[in-house]
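Asks: Fold the following.
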Amino acid sequence: MQKMFLIIAAFTFALLAFKNPNSFVVTGKVTDIDGNPVSFASVRIKGTNSGVSADVNGNYSIKVIDENAVLVITGASFKTAEVKVGARRVINTVLEKRGGTDLKEVVVTSAFGIKRTARSTASNVQNLTGDQLNTITQTNVNNALSGKVGGVQVRTQTTAKPGAENTVRLRGENGLDFAKTSDDFEREGYDYILENNFLKVIDNPLSTFSIDVDAASYSNMRRFLTQGQLPPAGAVRIEEMINYFKYDYSQPKNNDPFSVNTEISTCPWNPAHRLALVGLQGKIIQTENLPSSNIVFLIDVSGSMSSENKLPLLKQSLKLLVDQLRENDKVSLVVYAGNAGLVLPATNGLQKNKIKEAIDQLESGGSTAGGAGIELAYKTATDNFIKGGNNRVILCTDGDFNVGTSSDAALESLIEKKRETGVFLTVLGFGMGNYQDAKMQKLADKGNGNHAYIDQLSEAKKVLVSEFGGTLFTIAKDVKLQIEFNPAVVQGYRLIGYENRMLAKEDFNNDKKDAGDLGSGHTVTALYEIIPVGLQSDFLKQVDTLKYQLPERFSSSTFGKEMMTLKMRYKQPDDSISKLMTVAVLDEQKQLQLTSTNFRFAAAVAEFGMMLRNSAFKQQASYQEVISMAGNAIGTDKEGYRKEFLQLVQSAHTLVKKVERKKKNIELIDEEETETVSANK
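Replies: Numbering: from 1, shown residues only. Have a look, this model is predicted:
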């Protein structure tokens with residue numbers, strides 16, 4: 001009995017030893033030198049993987065081990081701060097802007113009536129010639145700045161505030177304004193998006209597209225908004241914003257890799273229209289049951305990756321993934337700058353310290369030979385190929401390739417050839433200022449892969465830890481959807497988003513045509529805005545009655561309430577022949593308030609995307625409606641992503657109002673100065 005008592009006592013003591021009695025919670029707020037909150041700042045405990053993100057107001061709460069802990073606090077475009085906790089329970093931190101130049105907006109209209117806009121980054125604008133007006137760069141515009149632009153003496157009208165976005169008007173002695181403005185993100189690459197239009201069912205009964213599980217557009221959009229800037233329209237891909245979030249769809253039955261979920265109700269931004277949701281839910285496979293992995297990290301260590309939100313964040317992110325590796329997994333490490341090299345040969349997943357040490361030793365410098373890196377990474381992956389396993393290259397870069405194979409066409413061709421090896425591709429984007437979003441999209445698309453944008457450590461945790469299976473393990477490839485609309489019920493339709501995923505109707509049955517892949521646990525959601533039969537619409541242009549076409553073959557009673565028939569094709573990851581699934585979809589005339597949280601939240605995200613893009617199809621959309629609808633469709637939201645969405649919508653609304661006020665003020669100034677010039681004449 002005494003022996004048993006001793007064992008129990010020892011066991012209890014051991015449990016208490018593991019539960020550190022000295023741990024406690026530290027709270028605080030992260031701000032800049034002007035007192036503005038640093039939204040979503042990263043707060044982590046030095047020497048560990050433990051960390052949190054501040055909320056949109058800069059507030060955070062983190063549990064620390066003891067008073068010797070050191071907090072490492074970072075924010076995009078800010079210097080990193082390290083703070084020893086000590087006996088404090090509340091630590092408010094002020095972050096300083098990183099060295100480098102704040103880009104200031106300079107608005108100028110020449111005496112010839114030519115308006116130019118650019119961000120200015122040079123130390124002064126004195127004695128600039130007319131030609132130099134096209135290339136003005138100015139680092140720090142001061143209140144007393146004066147000089148000559150195109151031979152005309154100028155002076156500033158406003159104060160430039162460090163770290164803030166300032167409009168500086170340079171006025172010439174003759175009362176006219178001279179301008180030069182540009183975008184902080186002018187070196188970032190985004191494709192122009194021509195939005196899907198409404199199509200008449202009688203002319204276009206079929207809508208065919210590839211799925212898209214990427215979510216890079218959402219985190220990139222978040223980066224813009226948290227830095228106080230509206231994203232460019234090309235950065236807003238509505239399907240990726242919708243698919244950033246998880247939806248409570250049913251799990252697939254039998255041996256199907258995914259389930260099909262549909263719902264139809266009133267369109268929130270035009271109650272006369274209908275909105276149809278199509279949702280796919282990938283089968284969830286537990287981590288221990290996932291196939292063995294052969295992963296090659298392909299890391300850009302060129303000079304452009306030196307910023308805190310590039311290589312340093314990249315290294316932290318990859319170490320999170322390393323912690324998920326198992327004994328049957330192996331990892332290689334390839335880097336590229338001016339040349340490519342193998343830093344770490346295939347290493348067992350249990351040798352985590354060895355892998356992390358190799359990652360920690362990476363430093364940036366040199367040009368960017370992305371093509372050479374891709375060649376070596378795929379060779380390394382094929383040399384260590386696991387039959388029936390997950391063979392994947394994870395490319396981590398800002399996409400700013402400039403040496404060797406670097407054009408979009410050449411890189412796409414290279415990736416298309418490499419995917420034939422059975423190696424998949426995941427593209428992780430980092431950084432800002434020169435981020436090549438369009439290139440990253442194309443590489444992931446051509447490489448049977450996915451694309452994520454890592455703007456902060458919490459996003460890396462989402463992509464590489466929480467969604468580990470979906471990001472890295474494909475359960476169905478080349479997934480295509482084709483919808484046939486019933487002309488007796490549907491007059492016209494528009495697919496919201498997926499502009500770069502549209503396919504010809506003939507591509508649906510062509511197994512050689514590449515399409516998107518679905519990962520374990522992934523959800524994919526698509527929304528169609530429907531114009532019912534009998535409704536007059538300016539979106540549908542009429543043509544004369546055709547002479548030789550057959551009249552309508554079906555009455556409204558032929559297929560009852562069927563609105564559409566949904567067909568899907570997919571392949572098993574190691575197969576080349578597709579399988580077909582078919583589902584008939586009824587319109588049950590459900591009221592919007594009775595729809596699922598899935599439907600209402602997805603609709604709110606789509607409406608927000610149209611507002612950000614200033615879409616020609618936004619109709620009666622409003623920020624207030626987005627906030628109201630999303631706020632009533634939060635659901636479980638364990639990770640807090642939906643609540644964060646509400647904060648971002650509010651931030652965007654505030655920015656839009658600010659832009660509108662600024663536009664009105666500039667118009668008033670222009671009117672006043674036009675009157676002054678006229679009076680002087």
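
Asks: any weak-confidence spans in the stretch 201-350 of the chain?
Replies: For the stretch 201-350 of the chain, the stretches flagged by pLDDT under 70 are 338.

Asks: same question but for the stretch 551-681 of the chain, I mixed them up
Replies: Checking the stretch 551-681 of the chain against pLDDT under 70 turns up 551-558, 667-681.

Asks: what pLDDT does the closest residue to residue 463 other than its chain neighbours get?
Replies: Nearest residue to residue 463, sequence neighbours excluded (CB to CB, 6 or more residues apart in numbering): residue 452, at 4.7 Å. C-beta coordinates here come from the backbone N, C-alpha and C atoms, glycine included. Listed pLDDT for residue 452 reads 93.

Asks: got it, and residue 101?
Replies: Looking at residue 101, its pLDDT stands at 37.

Asks: what comes up buried for stretch 617-629?
Replies: Judged by neighbour count (16 or more other CB atoms under 10 Å), stretch 617-629 contains these buried residues: 617, 618, 619, 621, 623, 625, 626, 627, 629.

Asks: Please identify which pair of these lies farthest apart.
Replies: The most widely separated members of the buried residues of stretch 617-629, counting by CB to CB, are 617 and 627 (20.2 Å).

Asks: Give me the phi and psi angles of residue 541.
Replies: Here is the backbone geometry of residue 541 (degrees, to the nearest 10): phi -80, psi 140.

Asks: and it, how many neighbours?
Replies: Residues within reach of residue 541, counting by other CB atoms under 10 Å, total 9.

Asks: List the residues that contact it.
Replies: When the contact criterion is CB atoms under 8 Å, 6 or more residues apart in numbering, residue 541 has no partners at all.

Asks: separation between it and residue 200?
Replies: 8 Å (CB to CB, to the nearest Å).

Asks: Strands of the stretch 501-650 of the chain, start to end?
Replies: Taking DSSP state E, counting those that start in this stretch as the test, the strands found in the stretch 501-650 of the chain are 516-519, 523-532, 562-571, 579-586.

Asks: Now distance to residue 653 and mean neighbour count too, for those, in JSON lines please.
Replies: Shown next, in JSON lines, are these (distance: least, CB to CB, whole Å; neighbours: other CB atoms under 10 Å):
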{"stretch": "strand 516-519", "distance to residue 653": "32", "mean neighbour count": "24"}
{"stretch": "strand 523-532", "distance to residue 653": "22", "mean neighbour count": "23"}
{"stretch": "strand 562-571", "distance to residue 653": "34", "mean neighbour count": "21"}
{"stretch": "strand 579-586", "distance to residue 653": "34", "mean neighbour count": "14"}
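
Asks: Is it correct that residue 285 is in contact with residue 470?
Replies: No: under the criterion of CB atoms under 8 Å, residue 285 makes no contact with residue 470, lying 9.7 Å away.

Asks: Which member of the buried residues of stretch 617-629 is positioned nearest residue 590?
Replies: The closest of those, once distances to residue 590 are taken by CB to CB, is residue 629, at 15.2 Å.

Asks: so which strand or helix has residue 317?
Replies: Taking DSSP states H and E as the definition, residue 317 sits inside helix 311-322.

Asks: Show me what that helix is in contact with.
Replies: Residues outside helix 311-322 that contact it (CB under 8 Å, 6+ apart) are 44, 49, 297, 299, 301, 305, 331, 349, 352, 355-356, 359-360, 362-364, 394, 396, 428, 430, 454, 456-457, 460-461, 464-465, 468.

Asks: downstream neighbour of it in the secondary structure list?
Replies: Immediately after helix 311-322, counting by DSSP H and E, sits strand 330-336.

Asks: Measure how that next one sits relative to helix 311-322, angle-wise.
Replies: If you take axes from the mean of the first three to the mean of the last three CA atoms, to 10 degrees, strand 330-336 sits at 170 degrees to helix 311-322.

Asks: after strand 330-336 comes which helix or strand?
Replies: With DSSP H and E setting the assignment, the helix or strand that follows strand 330-336 is strand 340-348.

Asks: quick one, what contacts residue 84?
Replies: 68, 69, 70, 71.

Asks: partners of the third one in the sheet?
Replies: Spelled out, that is residue 70. When assigned by DSSP bridges, residue 70 has beta-bridge partners residue 84.

Asks: Around it, how many other residues sit close by?
Replies: Using other CB under 10 Å, residue 70 is surrounded by 14 other residues.

Asks: same thing with the first one?
Replies: As a burial measure, residue 68 scores 10 neighbours (other CB under 10 Å).

Asks: Now stretch 299-315: buried residues?
Replies: Under the neighbour-count criterion of 16+ other CB under 10 Å, stretch 299-315 has 299-302, 304-305, 307-315 buried.

Asks: from the buried residues of stretch 617-629, which single one is nearest residue 421?
Replies: Relative to residue 421, and with distances defined as CB to CB, the nearest of those is residue 617, at 41.5 Å.

Asks: what about the spatially closest residue to residue 631 that is not a sequence neighbour, distance to residue 633?
Replies: When the adjacent residues along the chain are set aside, residue 631 lies closest to residue 646, with 6.0 Å between them (CB to CB, 6+ apart). As for residue 646, its distance to residue 633 is 10 Å (criterion: CB to CB).

Asks: Okay, and residue 31 sits in which element?
Replies: Going by DSSP H and E, residue 31 is in strand 24-32.

Asks: who touches whichever strand or helix holds residue 380?
Replies: Residue 380 belongs to helix 370-383 when assigned by DSSP H and E. Contact with helix 370-383 is made by 294, 296, 298, 300, 332, 334-336, 339-342, 345-346, 391-393, 395, 397, 399, 401, 403-406, 410-411, 414-415, 418, 421, 423, as judged by CB under 8 Å, 6+ apart.

Asks: could you point out which element follows it?
Replies: Sequence order places strand 390-397 as the next helix or strand after helix 370-383, per DSSP H and E.

Asks: what's the spacing between that next one and its chain's center?
Replies: Distance, stretch centre to chain centre, for strand 390-397: 18 Å (CA atoms, centre = their mean, to the nearest Å).

Asks: Quick one: mean pLDDT for that strand?
Replies: Taken as a whole, strand 390-397 has a mean pLDDT of 92.

Asks: and it, what other elements does it pack with?
Replies: strand 293-300, helix 311-322, helix 370-383, strand 424-429 (3 or more CB pairs under 8 Å, 6 or more residues apart in numbering; DSSP states H and E).

Asks: Which residue ranges of the stretch 351-500 of the chain form strands?
Replies: 390-397, 424-429, 449-453, 474-485, 490-495.

Asks: got JSON lines for the ones you listed, with distance to residue 240 and mean neighbour count too?
Replies: Output for the strands of the stretch 351-500 of the chain, formatted as JSON lines (distance: least, CB to CB, whole Å; neighbours: other CB under 10 Å):
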{"stretch": "strand 390-397", "distance to residue 240": "18", "mean neighbour count": "24"}
{"stretch": "strand 424-429", "distance to residue 240": "12", "mean neighbour count": "25"}
{"stretch": "strand 449-453", "distance to residue 240": "9", "mean neighbour count": "27"}
{"stretch": "strand 474-485", "distance to residue 240": "16", "mean neighbour count": "24"}
{"stretch": "strand 490-495", "distance to residue 240": "14", "mean neighbour count": "22"}
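
Asks: Many thanks, have a good one.
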